[in-house]
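Colleague: could you look at this predicted model? Sequence included:
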Amino acid sequence: MDSSRSDSVNRNTKKNDGDDDTAQNEEALYSVERIFESKEVPSWQDQLTLRAFCVSFILGILFTFIVLKLSLTTGIIPSLNVSAGLLGFFFIKTWTKLLEKSGVLKQPFTRQENTVIQTCVVATSGIAFSGGFGSYLFAMSEVAAKQSTEANNAFNIKNPSLGWMIGFLFVVSFLGLFSVVPLRKIMIIDFKLTYPSGTATAHLINSFHTPQGAKLAKKQVKALAKFFSFSFLWGFFQWFFTAGDDCGFASFPTFGLKAYENKFYFDFSATYVGVGMICPYLINISLLLGSILSWGIMWPLIQDRKGHWFPADESPSSLHGLQGYKVFIAIAMILGDGLYNFVKVFGRTLYGLYLQFRSKDEGAVLPVGARPSPPEPSMSFDDQRRTTLFLKDQIPTWVSIVGYVGIAILSTITLPHIFHQLKWYHIIVIYVFAPVLAFCNAYGCGLTDWSLASTYGKLAIFTIGAWAGASHGGVLAGLAACGVMMNIVSTASDLTQDFKTGYMTLASPRSMFISQIIGTAMGCLISPCVFWLFYKAFPDLGTQGSAYPAPYALVYRNMSIIGVEGFSALPKNCLILCCIFFIGAIVINGIRDLVGKNKAKYIPLPMAMAIPFYLGSYFAIDMCLGSLILFVWTKINKAKADAFGPAVASGLICGDGIWTLPSSILALVGVKPPICMKFLSRNANTRVDSFLNS
């Protein structure tokens, strides 16, 4: 019962007065903002501190390494919001403790500043994903083109270069931010969208800044630091045994040599174990099922048809051989899953909008950010306080319009100079539709917590690629258009998530917006530089069987080839299998939605099943081990597992991820590991011994 409403309606009866008092007591007990009521909310300028952005810069580099490593290995990137909020709290809290002891602390650490840090870090590392370094951007390279065999002429190739990558990101990464700013009030206050990730992050930050939460946060940071150190040192130890190809612990044939040949082994990666602890059980089981279906059943059967379905002397990397089945069947499943979820989320978006506008008066005007409205009297104390402060620091609508139009004009002029195959009229069409698609993605993300940025990117691949045509570099034009679209819709949903977090922590929309812009600018510089370090340090980057195979690069390139040239690149019977798996992905998703949430958790996810089709199952085994560890931990002590599981997982991911920096530097300066540890069969070992002793 809401206290203000009951007081105005029922003030004449003692019984209802008693109910009113009970409601007020319950609200005081469960209200978050009552806890912080005595603390003054800093102005939006005071929320943007130099120390916050210094910490954000350091954490942004760390998280960019992690995201890029995952992009270039499996393509599975978990939510790192919790880690960003936790580490941001730890760094600033340590900073302020030291200053407090020395007596020079000028400004205390607030939850608003914590939110600014989290927003900036996630925006910075988000560019490592939306920048396409493991997908569309690297798909343009000669390395990916050589593995495709189709459309690998010079007109459809653009190798990575630090200059054009930075320029490209700067002209496309800010448009999404300006496109959704005028609609922030609709999303957060009028439609009351949940944004589960943003809400969870807000609860986390709010809890950190209570006395009990601060104590738990310190323990979580200690657990994170412990497993960070272990993961880093374990990566360092493994490096000593990797002096050649297929050397080291990562090549240990856990289940036997035959299973190892079919990619079934545990590769001792702390990163994948940590990712497995964060990802839901269903995703990890789906990965394992996909591995068994593809590498355990399908690929051996198709390999037996060598000479009938494809030439026996075909290169293992040729798309006209077994490789073609691996890549195109995975693409079919990804597209089937993406199409189904696009239709579902888009349908829910339209239906949600219909319900929202139907509930309003016919004469109601669409509310935008520049037109504040007072909080409703029926709101709870928390919502009233949050709404008042959320509407206090407005971002003028003209800023959004001028920003969007100005950057759109700049990029329309600039992008054709970076990609000659992408014409100015292609870009204008994208920018006309982009705000609508950005709104749909942000709204759908608020309903389902599911960003369809990659799906909108694939839509751009097929439409712009086919429009440009094969003879005019349609493959490269489609990939470039994918990049433009993905950056717009991805940053739009990220910003609205952050607005929700800021709404619940009383952080100003202005400080959120500025933090997102600064974080995005950092990402536009940091991500290309970190990728360039990978690119120069590992010459085999992007090739199958290497430490960084960039599996999605080949997938995206072949999507673009199909969009431009049709199905001529497919080997025999591949199209039939693709249709079966495309329809199968749609049917499985439909069954999942029909049976309800309780039963759906036992039905695999087609998108997750598709990932190991091309890559193998080694990382799925690592991630399932992470799930098993968390499952056993939960059975032994659920409270501790819930409290410390994400911190342990983050430590494993961060430690192994940051080891990538020194290992890359060692590779760049020519320092090689001293030992090659190989695992051979008994017969192979006998032949080696005979050769060495002869």
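Modeller: Looks like it arrived, so ask away.
Colleague: elements contacting the particular helix or strand that has V275 in it?
Modeller: When secondary structure is defined by DSSP states H and E, V275 falls within helix 270-278. Identification of packing neighbours for helix 270-278 by 3 or more CB pairs under 8 Å, 6 or more residues apart in numbering; DSSP states H and E yields helix 50-73, helix 211-239, helix 618-636, helix 638-668. C-betas here are computed from N, CA, C, even on glycine.
Colleague: hmm, try it at 10 Å
Modeller: If you count contacts as 3 or more CB pairs under 10 Å, 6 or more residues apart in numbering; DSSP states H and E, helix 270-278 packs onto helix 50-73, helix 81-102, helix 211-239, helix 281-291, helix 618-636, helix 638-668.
Colleague: report the secondary structure element holding the most centrally placed residue in the chain.
Modeller: Most central in the chain under CA atoms, centre = their mean is I77, positioned 5.0 Å from the mean C-alpha point. I77 belongs to no helix or strand when elements are defined using DSSP H and E.
Colleague: I'd like the distance between the residue nearest to it when sequence neighbours are not counted and G336.
Modeller: The shortest distance from I77 to any non-neighbouring residue, by CB to CB, 6 or more residues apart in numbering, is to L70 (5.0 Å). Using CB to CB, to the nearest Å, we find L70 at a distance of 24 Å from G336.
Colleague: quick check: the residue nearest to I77 touching C279?
Modeller: No: the pair formed by L70 and C279 falls short of the contact definition of CB atoms under 10 Å, at 11.3 Å.
Colleague: which element is T199 on?
Modeller: In this structure, T199 sits in helix 196-208 according to DSSP H and E.
Colleague: give me the mean pLDDT for that helix.
Modeller: Average pLDDT, helix 196-208: 82.
Colleague: same question for stretch 392-410.
Modeller: What stretch 392-410 shows for mean pLDDT is 90.
Colleague: would you put the C-alpha positions of it in PDB?
Modeller: Written as PDB, here are the backbone C-alpha positions of stretch 392-410 (Å, rounded to 0.1, in the frame of the first residue of the first chain):
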ATOM      1  CA  LYS A 392      16.800  18.000 -12.500                       C
ATOM      2  CA  ASP A 393      19.900  18.100 -14.800                       C
ATOM      3  CA  GLN A 394      18.400  18.100 -18.300                       C
ATOM      4  CA  ILE A 395      20.300  17.600 -21.500                       C
ATOM      5  CA  PRO A 396      18.800  19.900 -24.000                       C
ATOM      6  CA  THR A 397      17.200  18.200 -27.000                       C
ATOM      7  CA  TRP A 398      19.000  20.600 -29.400                       C
ATOM      8  CA  VAL A 399      22.300  19.200 -28.100                       C
ATOM      9  CA  SER A 400      21.300  15.700 -29.300                       C
ATOM     10  CA  ILE A 401      20.000  16.900 -32.600                       C
ATOM     11  CA  VAL A 402      23.000  19.100 -33.400                       C
ATOM     12  CA  GLY A 403      25.400  16.400 -32.200                       C
ATOM     13  CA  TYR A 404      23.700  13.600 -34.300                       C
ATOM     14  CA  VAL A 405      23.400  15.700 -37.500                       C
ATOM     15  CA  GLY A 406      26.900  17.200 -37.100                       C
ATOM     16  CA  ILE A 407      28.600  13.800 -36.600                       C
ATOM     17  CA  ALA A 408      26.400  12.200 -39.400                       C
ATOM     18  CA  ILE A 409      27.600  14.900 -41.800                       C
ATOM     19  CA  LEU A 410      31.200  14.400 -40.800                       C
END
